[in-house]
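# the sequence isn't on hand, but the structure is:
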Ligand SMILES: Cc1ncc(COP(=O)(O)O)c(C=O)c1O
(Lines give C-alpha, C1' and ligand atoms only; values in the text may rest on other atoms or scores of the structure.)
Protein backbone atom coordinates (compact mmCIF):
# COMPACT_ATOMS: atom_id res chain seq x y z
CA UNK A 1 0.00 0.00 0.00
CA UNK A 2 1.27 3.46 -0.85
CA UNK A 3 0.78 6.87 0.80
CA UNK A 4 -2.35 7.67 -1.21
CA UNK A 5 -3.98 4.39 -0.24
CA UNK A 6 -3.18 4.88 3.44
CA UNK A 7 -4.56 8.42 3.24
CA UNK A 8 -7.77 7.02 1.83
CA UNK A 9 -7.93 4.50 4.68
CA UNK A 10 -7.26 7.23 7.21
CA UNK A 11 -10.00 9.42 5.77
CA UNK A 12 -12.49 6.60 6.27
CA UNK A 13 -11.80 6.17 9.97
CA UNK A 14 -10.58 9.51 11.32
CA UNK A 15 -12.89 12.43 12.05
CA UNK A 16 -12.05 15.13 9.52
CA UNK A 17 -11.25 17.55 12.36
CA UNK A 18 -8.00 15.64 12.84
CA UNK A 19 -6.44 16.39 9.47
CA UNK A 20 -2.86 16.04 8.27
CA UNK A 21 -0.67 18.53 6.44
CA UNK A 22 0.87 16.12 3.92
CA UNK A 23 -0.52 12.80 2.61
CA UNK A 24 2.67 11.06 3.67
CA UNK A 25 3.03 8.18 6.14
CA UNK A 26 6.31 7.84 7.97
CA UNK A 27 8.29 4.65 8.32
CA UNK A 28 11.56 5.79 9.84
CA UNK A 29 13.25 8.96 11.06
CA UNK A 30 16.81 9.69 12.16
CA UNK A 31 18.06 13.06 13.35
CA UNK A 32 16.81 15.50 10.65
CA UNK A 33 15.94 12.90 8.01
CA UNK A 34 12.59 11.19 7.60
CA UNK A 35 11.54 8.39 5.21
CA UNK A 36 8.00 7.55 4.20
CA UNK A 37 6.50 4.14 3.46
CA UNK A 38 7.33 4.56 -0.23
CA UNK A 39 11.00 5.03 0.64
CA UNK A 40 11.00 8.75 -0.15
CA UNK A 41 13.39 10.80 1.99
CA UNK A 42 12.63 14.19 3.54
CA UNK A 43 14.75 16.78 5.29
CA UNK A 44 12.87 17.74 8.43
CA UNK A 45 12.47 21.45 9.15
CA UNK A 46 9.41 20.75 11.29
CA UNK A 47 10.68 18.49 14.09
CA UNK A 48 7.13 17.31 14.80
CA UNK A 49 6.26 20.93 15.69
CA UNK A 50 9.36 21.80 17.72
CA UNK A 51 9.40 18.50 19.60
CA UNK A 52 12.50 16.57 18.46
CA UNK A 53 14.99 19.33 19.24
CA UNK A 54 17.46 16.52 19.94
CA UNK A 55 16.80 14.93 16.52
CA UNK A 56 14.67 11.92 15.65
CA UNK A 57 15.48 8.75 17.60
CA UNK A 58 18.58 10.09 19.31
CA UNK A 59 20.39 6.87 20.35
CA UNK A 60 20.72 7.96 24.00
CA UNK A 61 16.98 8.64 24.25
CA UNK A 62 16.12 5.39 22.47
CA UNK A 63 18.32 3.49 24.94
CA UNK A 64 16.80 5.22 27.96
CA UNK A 65 13.29 4.43 26.73
CA UNK A 66 14.15 0.82 25.88
CA UNK A 67 15.73 0.24 29.30
CA UNK A 68 12.78 1.85 31.04
CA UNK A 69 10.09 -0.09 29.21
CA UNK A 70 11.95 -3.31 30.02
CA UNK A 71 12.03 -2.34 33.71
CA UNK A 72 8.43 -1.05 34.10
CA UNK A 73 6.19 1.24 32.11
CA UNK A 74 3.66 2.50 34.63
CA UNK A 75 2.92 2.56 38.32
CA UNK A 76 1.40 6.07 38.60
CA UNK A 77 3.42 8.80 40.21
CA UNK A 78 0.57 9.51 42.65
CA UNK A 79 0.58 5.92 43.94
CA UNK A 80 4.15 4.59 43.98
CA UNK A 81 6.59 7.10 42.48
CA UNK A 82 9.98 6.33 40.94
CA UNK A 83 13.38 7.92 41.29
CA UNK A 84 13.54 9.16 37.67
CA UNK A 85 10.60 11.50 38.36
CA UNK A 86 12.50 13.06 41.27
CA UNK A 87 15.65 13.35 39.15
CA UNK A 88 13.78 15.01 36.28
CA UNK A 89 12.08 17.45 38.65
CA UNK A 90 15.52 18.20 40.16
CA UNK A 91 16.88 18.96 36.70
CA UNK A 92 13.93 21.15 35.77
CA UNK A 93 13.93 23.11 39.00
CA UNK A 94 17.72 23.32 38.77
CA UNK A 95 17.59 25.21 35.47
CA UNK A 96 14.53 27.28 36.38
CA UNK A 97 15.32 30.99 36.15
CA UNK A 98 14.19 31.52 39.75
CA UNK A 99 15.32 30.30 43.18
CA UNK A 100 13.54 27.68 45.21
CA UNK A 101 11.52 26.28 42.34
CA UNK A 102 8.96 23.48 42.42
CA UNK A 103 7.75 21.29 39.56
CA UNK A 104 4.65 19.40 38.49
CA UNK A 105 4.90 16.72 35.81
CA UNK A 106 2.03 16.05 33.41
CA UNK A 107 1.64 14.64 29.87
CA UNK A 108 0.83 17.34 27.29
CA UNK A 109 1.29 21.02 26.71
CA UNK A 110 -2.39 21.76 27.16
CA UNK A 111 -2.32 19.97 30.49
CA UNK A 112 0.68 22.03 31.58
CA UNK A 113 -1.19 25.24 30.76
CA UNK A 114 -4.35 24.01 32.53
CA UNK A 115 -2.30 23.26 35.63
CA UNK A 116 -0.51 26.60 35.52
CA UNK A 117 -3.90 28.33 35.57
CA UNK A 118 -5.17 26.08 38.36
CA UNK A 119 -2.08 26.90 40.43
CA UNK A 120 -2.40 30.65 39.80
CA UNK A 121 -6.07 30.63 40.76
CA UNK A 122 -5.46 28.53 43.87
CA UNK A 123 -2.60 30.79 44.96
CA UNK A 124 -4.41 34.08 44.43
CA UNK A 125 -8.03 33.10 45.02
CA UNK A 126 -8.84 35.16 41.92
CA UNK A 127 -10.64 34.08 38.73
CA UNK A 128 -9.37 36.29 35.88
CA UNK A 129 -6.76 35.23 33.31
CA UNK A 130 -5.34 37.58 30.68
CA UNK A 131 -3.90 36.16 27.46
CA UNK A 132 -2.83 37.66 24.14
CA UNK A 133 -4.37 37.90 20.69
CA UNK A 134 -2.81 35.35 18.34
CA UNK A 135 -1.53 33.27 21.25
CA UNK A 136 -1.88 29.50 21.21
CA UNK A 137 -2.11 27.50 24.42
CA UNK A 138 -3.68 24.16 23.44
CA UNK A 139 -6.90 22.43 22.50
CA UNK A 140 -8.64 21.62 25.79
CA UNK A 141 -11.55 23.84 26.79
CA UNK A 142 -9.61 26.15 29.10
CA UNK A 143 -6.70 26.34 26.65
CA UNK A 144 -9.02 27.10 23.73
CA UNK A 145 -10.40 29.95 25.78
CA UNK A 146 -6.89 31.28 26.32
CA UNK A 147 -5.96 30.85 22.67
CA UNK A 148 -6.30 34.04 20.66
CA UNK A 149 -7.15 32.61 17.23
CA UNK A 150 -10.71 31.58 16.37
CA UNK A 151 -10.22 29.60 13.14
CA UNK A 152 -9.56 26.68 13.40
CA UNK A 153 -8.97 26.40 17.14
CA UNK A 154 -12.16 27.84 18.66
CA UNK A 155 -14.75 27.93 15.89
CA UNK A 156 -17.81 25.94 16.91
CA UNK A 157 -16.27 24.75 20.18
CA UNK A 158 -17.62 27.27 22.70
CA UNK A 159 -18.72 28.17 25.27
CA UNK A 160 -15.34 28.61 26.87
CA UNK A 161 -14.59 29.01 30.53
CA UNK A 162 -15.47 32.48 31.82
CA UNK A 163 -13.09 35.16 33.09
CA UNK A 164 -10.60 34.97 30.22
CA UNK A 165 -9.58 38.24 28.57
CA UNK A 166 -7.36 39.08 25.61
CA UNK A 167 -5.17 42.04 24.80
CA UNK A 168 -3.28 42.56 21.52
CA UNK A 169 0.13 40.89 21.32
CA UNK A 170 2.93 43.38 20.58
CA UNK A 171 3.77 42.10 17.09
CA UNK A 172 5.87 44.97 15.80
CA UNK A 173 5.74 43.81 12.17
CA UNK A 174 1.94 44.05 12.33
CA UNK A 175 2.17 47.57 13.72
CA UNK A 176 1.36 46.73 17.35
CA UNK A 177 3.94 48.16 19.73
CA UNK A 178 4.69 47.25 23.32
CA UNK A 179 3.06 50.56 24.26
CA UNK A 180 -0.13 49.61 22.38
CA UNK A 181 -0.36 46.32 24.27
CA UNK A 182 0.28 47.92 27.65
CA UNK A 183 -2.30 50.59 26.89
CA UNK A 184 -4.84 47.86 25.99
CA UNK A 185 -4.04 46.13 29.28
CA UNK A 186 -4.71 49.31 31.26
CA UNK A 187 -7.97 49.77 29.30
CA UNK A 188 -8.94 46.18 30.13
CA UNK A 189 -8.41 46.96 33.82
CA UNK A 190 -10.71 49.97 33.42
CA UNK A 191 -13.37 48.46 31.17
CA UNK A 192 -13.66 44.78 31.97
CA UNK A 193 -11.96 43.49 35.09
CA UNK A 194 -10.22 45.16 38.00
CA UNK A 195 -6.65 43.94 38.45
CA UNK A 196 -7.44 42.69 41.95
CA UNK A 197 -9.59 39.98 40.34
CA UNK A 198 -6.89 38.86 37.90
CA UNK A 199 -5.05 35.65 38.86
CA UNK A 200 -2.56 35.51 35.99
CA UNK A 201 -1.22 36.93 32.76
CA UNK A 202 -0.01 34.27 30.32
CA UNK A 203 2.21 34.95 27.32
CA UNK A 204 4.48 33.13 24.86
CA UNK A 205 7.84 34.97 24.72
CA UNK A 206 7.80 34.19 20.99
CA UNK A 207 4.35 33.40 19.64
CA UNK A 208 4.39 29.95 18.04
CA UNK A 209 1.21 29.12 16.12
CA UNK A 210 0.46 32.85 16.08
CA UNK A 211 3.32 33.60 13.66
CA UNK A 212 6.73 33.53 15.36
CA UNK A 213 6.45 37.10 16.60
CA UNK A 214 8.93 37.71 19.44
CA UNK A 215 7.96 40.10 22.23
CA UNK A 216 9.79 43.42 21.84
CA UNK A 217 12.85 43.79 24.08
CA UNK A 218 11.81 44.85 27.55
CA UNK A 219 8.17 43.80 27.22
CA UNK A 220 8.38 40.85 29.60
CA UNK A 221 9.89 43.19 32.19
CA UNK A 222 7.03 45.62 31.68
CA UNK A 223 4.51 42.82 32.20
CA UNK A 224 6.43 41.71 35.28
CA UNK A 225 6.08 45.21 36.66
CA UNK A 226 2.30 45.23 36.02
CA UNK A 227 2.00 41.83 37.71
CA UNK A 228 4.04 42.98 40.73
CA UNK A 229 1.94 46.11 41.06
CA UNK A 230 -1.30 44.13 41.21
CA UNK A 231 -0.30 40.79 42.79
CA UNK A 232 -0.88 38.95 39.51
CA UNK A 233 0.94 35.67 38.69
CA UNK A 234 3.12 35.96 35.58
CA UNK A 235 3.11 32.81 33.42
CA UNK A 236 5.44 32.27 30.45
CA UNK A 237 4.24 29.55 28.10
CA UNK A 238 7.52 28.10 26.85
CA UNK A 239 6.02 24.95 25.37
CA UNK A 240 7.29 25.79 21.88
CA UNK A 241 10.18 28.10 22.82
CA UNK A 242 11.74 25.97 25.56
CA UNK A 243 14.62 23.51 25.75
CA UNK A 244 17.18 25.33 23.67
CA UNK A 245 14.97 26.16 20.72
CA UNK A 246 15.65 29.90 20.88
CA UNK A 247 19.31 29.56 21.89
CA UNK A 248 18.64 29.58 25.63
CA UNK A 249 16.98 26.95 27.75
CA UNK A 250 14.00 29.31 28.10
CA UNK A 251 13.23 32.25 25.82
CA UNK A 252 12.29 34.43 28.81
CA UNK A 253 15.97 34.37 29.78
CA UNK A 254 16.65 36.88 27.01
CA UNK A 255 15.32 39.39 29.49
CA UNK A 256 16.52 39.52 33.05
CA UNK A 257 12.99 38.79 34.22
CA UNK A 258 11.64 36.05 36.43
CA UNK A 259 8.17 34.75 35.59
CA UNK A 260 6.32 33.08 38.47
CA UNK A 261 5.45 30.00 36.41
CA UNK A 262 6.79 28.44 33.19
CA UNK A 263 4.92 25.80 31.19
CA UNK A 264 6.99 23.19 29.33
CA UNK A 265 6.34 20.32 26.91
CA UNK A 266 7.44 19.41 23.35
CA UNK A 267 11.27 19.50 23.43
CA UNK A 268 11.41 18.30 27.03
CA UNK A 269 11.83 14.61 26.10
CA UNK A 270 12.90 14.39 22.46
CA UNK A 271 9.56 13.06 21.21
CA UNK A 272 8.04 11.29 24.18
CA UNK A 273 4.86 12.98 25.49
CA UNK A 274 5.64 14.47 28.87
CA UNK A 275 5.15 18.04 30.05
CA UNK A 276 5.83 20.12 33.13
CA UNK A 277 4.99 23.22 35.07
CA UNK A 278 7.79 24.84 37.03
CA UNK A 279 7.42 27.84 39.25
CA UNK A 280 8.33 29.65 42.41
CA UNK A 281 7.66 27.51 45.45
CA UNK A 282 5.41 30.05 47.11
CA UNK A 283 3.15 30.05 44.03
CA UNK A 284 3.36 26.36 43.15
CA UNK A 285 2.38 25.25 46.64
CA UNK A 286 -0.99 27.02 46.35
CA UNK A 287 -3.05 23.89 45.56
CA UNK A 288 -3.64 21.24 48.27
CA UNK A 289 -2.22 17.70 47.96
CA UNK A 290 -4.25 15.69 45.45
CA UNK A 291 -5.28 18.80 43.52
CA UNK A 292 -2.64 18.27 40.84
CA UNK A 293 -1.68 15.10 38.97
CA UNK A 294 -3.14 12.56 36.56
CA UNK A 295 -2.94 8.83 35.85
CA UNK A 296 -0.14 9.21 33.32
CA UNK A 297 1.31 12.45 34.70
CA UNK A 298 5.12 12.26 34.58
CA UNK A 299 5.11 8.70 33.25
CA UNK A 300 8.27 6.63 33.87
CA UNK A 301 8.91 6.53 30.11
CA UNK A 302 8.60 10.29 29.87
CA UNK A 303 10.92 10.78 32.82
CA UNK A 304 13.53 8.44 31.34
CA UNK A 305 13.32 10.18 27.96
CA UNK A 306 13.36 13.59 29.64
CA UNK A 307 16.52 12.83 31.62
CA UNK A 308 18.24 11.50 28.49
CA UNK A 309 17.15 14.51 26.40
CA UNK A 310 18.41 16.83 29.13
CA UNK A 311 21.85 15.24 28.96
CA UNK A 312 21.91 15.45 25.17
CA UNK A 313 21.00 19.15 25.24
CA UNK A 314 23.87 19.82 27.63
CA UNK A 315 26.49 17.46 26.20
CA UNK A 316 25.88 18.49 22.59
CA UNK A 317 25.60 22.18 23.59
CA UNK A 318 22.30 22.49 21.77
CA UNK A 319 21.58 26.02 22.99
CA UNK A 320 24.71 27.23 21.23
CA UNK A 321 23.95 25.08 18.22
CA UNK A 322 20.44 26.57 18.00
CA UNK A 323 22.06 29.98 17.49
CA UNK A 324 24.21 28.63 14.64
CA UNK A 325 21.31 26.74 13.03
CA UNK A 326 19.13 29.84 13.33
CA UNK A 327 21.81 32.08 11.86
CA UNK A 328 22.23 29.86 8.81
CA UNK A 329 18.47 29.55 8.30
CA UNK A 330 18.03 33.31 8.58
CA UNK A 331 20.89 33.94 6.16
CA UNK A 332 19.16 31.64 3.67
CA UNK A 333 15.82 33.37 4.11
CA UNK A 334 17.37 36.85 3.87
CA UNK A 335 19.02 35.87 0.58
CA UNK A 336 15.65 34.64 -0.67
CA UNK A 337 13.99 37.84 0.50
CA UNK A 338 16.56 39.88 -1.42
CA UNK A 339 15.45 38.03 -4.59
CA UNK A 340 11.74 38.31 -3.84
CA UNK A 341 11.28 41.46 -1.75
CA UNK A 342 7.70 41.89 -2.91
CA UNK A 343 6.73 38.39 -1.70
CA UNK A 344 8.66 38.08 1.58
CA UNK A 345 7.61 40.88 3.88
CA UNK A 346 9.68 39.87 6.87
CA UNK A 347 12.31 37.38 8.03
CA UNK A 348 12.60 36.97 11.79
CA UNK A 349 13.46 34.54 14.50
CA UNK A 350 15.11 33.87 17.83
CA UNK A 351 17.70 31.11 17.72
CA UNK A 352 16.42 28.21 15.66
CA UNK A 353 12.82 29.44 15.69
CA UNK A 354 12.89 31.12 12.30
CA UNK A 355 10.13 32.40 10.03
CA UNK A 356 9.35 34.35 6.90
CA UNK A 357 6.10 36.22 6.34
CA UNK A 358 4.64 35.98 2.83
CA UNK A 359 2.80 38.96 1.35
CA UNK A 360 1.77 40.44 -1.97
CA UNK A 361 3.38 43.59 -3.37
CA UNK A 362 5.69 43.88 -0.38
CA UNK A 363 2.68 45.07 1.61
CA UNK A 364 2.28 43.94 5.23
CA UNK A 365 -1.47 44.36 4.77
CA UNK A 366 -1.66 41.86 1.91
CA UNK A 367 -0.91 38.51 3.56
CA UNK A 368 -0.45 35.67 1.07
CA UNK A 369 -1.97 32.56 2.64
CA UNK A 370 -2.30 30.89 -0.79
CA UNK A 371 1.42 31.10 -1.52
CA UNK A 372 2.15 29.83 1.99
CA UNK A 373 -0.06 26.80 1.51
CA UNK A 374 1.34 26.12 -1.96
CA UNK A 375 4.92 26.33 -0.67
CA UNK A 376 4.30 23.87 2.18
CA UNK A 377 2.82 21.38 -0.30
CA UNK A 378 5.54 21.90 -2.95
CA UNK A 379 8.33 21.57 -0.38
CA UNK A 380 6.75 18.36 0.91
CA UNK A 381 6.50 16.92 -2.59
CA UNK A 382 10.16 17.71 -3.13
CA UNK A 383 11.52 16.28 0.09
CA UNK A 384 11.37 19.06 2.67
CA UNK A 385 9.03 19.25 5.66
CA UNK A 386 8.09 22.82 6.62
CA UNK A 387 5.16 24.25 8.56
CA UNK A 388 2.97 27.27 8.20
CA UNK A 389 1.57 29.37 11.02
CA UNK A 390 0.32 32.88 11.73
CA UNK A 391 -2.90 34.63 12.62
CA UNK A 392 -3.22 35.31 8.89
CA UNK A 393 -1.92 31.86 7.84
CA UNK A 394 0.87 33.48 5.81
CA UNK A 395 3.98 32.59 7.78
CA UNK A 396 6.42 29.78 6.97
CA UNK A 397 8.17 28.59 10.12
CA UNK A 398 11.36 26.59 10.24
CA UNK A 399 11.97 24.35 13.24
CA UNK A 400 14.78 22.00 12.25
CA UNK A 401 16.12 19.69 14.96
CA UNK A 402 18.93 21.50 16.77
CA UNK A 403 21.16 18.53 15.95
CA UNK A 404 20.69 18.83 12.17
CA UNK A 405 23.96 18.26 10.24
CA UNK A 406 24.79 21.45 8.34
CA UNK A 407 24.87 19.57 5.03
CA UNK A 408 21.23 18.61 5.58
CA UNK A 409 20.40 22.17 6.56
CA UNK A 410 21.91 23.45 3.30
CA UNK A 411 20.13 20.72 1.35
CA UNK A 412 16.78 21.67 2.91
CA UNK A 413 17.38 25.35 2.28
CA UNK A 414 18.18 24.52 -1.35
CA UNK A 415 14.81 22.79 -1.75
CA UNK A 416 13.04 25.70 -0.08
CA UNK A 417 14.65 28.26 -2.39
CA UNK A 418 13.91 26.19 -5.50
CA UNK A 419 10.30 25.57 -4.57
CA UNK A 420 9.72 29.18 -3.59
CA UNK A 421 10.83 30.27 -7.06
CA UNK A 422 8.63 27.60 -8.61
CA UNK A 423 5.59 28.66 -6.57
CA UNK A 424 5.89 32.33 -7.51
CA UNK A 425 6.52 31.29 -11.14
CA UNK A 426 10.08 32.62 -11.47
C1 LIG B 1 2.91 27.69 23.10
C2 LIG B 1 2.10 26.44 23.16
N3 LIG B 1 1.34 26.20 24.24
C4 LIG B 1 0.62 25.07 24.34
C5 LIG B 1 0.60 24.14 23.33
C6 LIG B 1 -0.23 22.89 23.46
O7 LIG B 1 0.58 21.76 23.59
P8 LIG B 1 -0.01 20.30 23.30
O9 LIG B 1 -0.34 20.25 21.84
O10 LIG B 1 1.08 19.36 23.72
O11 LIG B 1 -1.22 20.15 24.13
C12 LIG B 1 1.36 24.36 22.18
C13 LIG B 1 1.35 23.39 21.06
O14 LIG B 1 1.67 23.69 19.93
C15 LIG B 1 2.13 25.54 22.09
O16 LIG B 1 2.89 25.80 21.01
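Sure, I can see it. Only a predicted model underlies this, so the values are computations on that prediction, with no experimental measurement involved. Numbers count the residues shown, from 1 in each chain.

# residues contacting residue 395?
211, 212, 355, 356, 357, 358, 372, 388, 389 (CB atoms under 8 Å, 6 or more residues apart in numbering). C-beta here means a position set from N, CA and C on the backbone, and glycine is covered the same way.

# sec struct for the closest residue to it other than its chain neighbours, please.
Nearest residue to residue 395, sequence neighbours excluded (CB to CB, 6 or more residues apart in numbering): residue 211, at 4.5 Å. Classification of residue 211 by DSSP: H, G, I helix; E, B strand; the rest coil places it in coil.

# distance of the residue of the stretch 251-400 of the chain found nearest the ligand from residue 237?
Taking CB to the nearest ligand atom, the ligand has its nearest neighbour within the stretch 251-400 of the chain at residue 265, 4.7 Å off. Distance check for residue 265 against residue 237: by CB to CB, to the nearest Å, it reads 9 Å.

# circling back to that earlier point, count of neighbours near the residue of the stretch 251-400 of the chain closest to the ligand?
Using other CB atoms under 10 Å, residue 265 has 28 other residues around it.

# where along the stretch 51-200 of the chain do the helices fall?
Here the stretch 51-200 of the chain has its helices, by DSSP state H, counting those that start in this stretch, at 59-71, 83-95, 109-124, 141-146, 178-191.

# just those helices: most buried one?
Stretch with highest mean neighbour count among those: helix 109-124 (a mean of 24; mean count of other CB atoms under 10 Å).

# what's that one packed up against?
strand 101-106, helix 141-146, strand 198-203, strand 233-237, strand 261-264, strand 275-280, helix 281-284 (3 or more CB pairs under 8 Å, 6 or more residues apart in numbering; DSSP states H and E).

# from the chain's centroid, how far away is it?
Put simply, helix 109-124 sits 17 Å off its chain's centre (CA atoms, centre = their mean, to the nearest Å).

# now what about that helix, what contacts it?
104, 106, 127, 129, 137-140, 142-143, 146, 199-200, 202, 231-233, 235, 237, 239, 260-261, 263-266, 275-277, 279, 282-284, 286-288, 291-292, 294, 297.

# closest one to the ligand among the helices of the stretch 51-200 of the chain?
helix 109-124 (2.1 Å).

# quick one: contacts for the closest residue to residue 363 other than its chain neighbours?
In space, residue 363 comes closest to residue 345 once its chain neighbours are excluded; the distance is 7.4 Å by CB to CB, 6+ apart. Residue 345 is in contact with 173, 357, 358, 359, 362, 363, 364, counting by CB under 8 Å, 6+ apart.

# hmm, residue 342 and the fifth one touching each other?
I take that to be residue 362. Yes - between residue 362 and residue 342 there is a contact at 4.4 Å, judged by CB atoms under 8 Å.

# show me what stretch 61-68 is in contact with.
For stretch 61-68, using CB under 8 Å, 6+ apart, the contacting residues are 54, 84, 269-272, 300-301, 303-305, 307-309, 312.

# counting neighbours, which of these comes out on top?
In the contacts of stretch 61-68, the most neighbours by other CB under 10 Å go to residue 269, 32 neighbours.

# residue 135 is in contact with residue 203, isn't it?
Yes - counting by CB under 8 Å, residue 135 does reach residue 203; the two are 7.0 Å apart.

# anything in contact with each of those two?
Counting by CB under 8 Å, 6+ apart, the residues touching both residue 135 and residue 203 are 169, 237.

# tell me the residues of the protein that contact the ligand?
49, 108-110, 113, 136-138, 204, 208-209, 237, 239-240, 265 (CB under 6 Å from any ligand atom).

# how about residue 341, what does it touch?
By CB under 8 Å, 6+ apart, the residues touching residue 341 are residue 362.

# sec struct for it, please.
Quick answer, by three-state DSSP: residue 341 is coil.

# and it, what pLDDT?
On pLDDT, residue 341 comes in at 97.

# flag the shaky bits of the stretch 51-200 of the chain, pLDDT-wise.
Within the stretch 51-200 of the chain, no range satisfies pLDDT under 70.

# any idea which element the residue nearest to the spatial centre of the chain lies in?
Nearest to the geometric centre of the chain sits residue 240, at 1.8 Å (CA atoms, centre = their mean). Taking DSSP states H and E as the definition, one finds residue 240 inside no helix or strand.

# so what's it closest to, chain neighbours aside?
Leaving out its chain neighbours, the residue that sits closest to residue 240 by CB to CB, 6+ apart is residue 208, at 3.6 Å.

# show me this protein divided up by domain.
With automatic domain parsing as the criterion, the domains of the chain are listed as 3-54+317-423, 60-315.

# thinking again about what came up before, just the helices and strands packed on helix 109-124: most buried one?
Comparing those by mean count of other CB under 10 Å gives strand 261-264 as most buried, with a mean of 30.

# who's in contact with residue 339?
For residue 339, the contacting residues are residue 421, by CB under 8 Å, 6+ apart.

# hmm, back to that, can you give me phi and psi for the residue nearest to the centre of the chain?
Dihedral angles of residue 240 (phi, psi; degrees, to the nearest 10) stand at phi -100, psi -30.

# show me what contacts it?
Shown in contact with residue 240 (CB under 8 Å, 6+ apart): 49, 50, 204, 206, 208, 209, 266, 353.

# can you add secondary structure and give these back as CSV?
Formatted as CSV, those follow (three-state DSSP):
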residue, secondary structure
49, helix
50, helix
204, coil
206, strand
208, coil
209, coil
266, helix
353, strand
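
# would JSON lines of those residues with distance to residue 93, neighbour count and pLDDT be doable?
Formatted as JSON lines, the contacts of residue 240 follow (distance: CB to CB, whole Å; neighbours: other CB atoms under 10 Å; pLDDT from 0 to 100):
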{"residue": "49", "distance to residue 93": "26", "neighbour count": "16", "pLDDT": "97"}
{"residue": "50", "distance to residue 93": "23", "neighbour count": "24", "pLDDT": "97"}
{"residue": "204", "distance to residue 93": "22", "neighbour count": "28", "pLDDT": "98"}
{"residue": "206", "distance to residue 93": "23", "neighbour count": "25", "pLDDT": "98"}
{"residue": "208", "distance to residue 93": "24", "neighbour count": "27", "pLDDT": "97"}
{"residue": "209", "distance to residue 93": "28", "neighbour count": "23", "pLDDT": "97"}
{"residue": "266", "distance to residue 93": "19", "neighbour count": "29", "pLDDT": "98"}
{"residue": "353", "distance to residue 93": "24", "neighbour count": "25", "pLDDT": "98"}
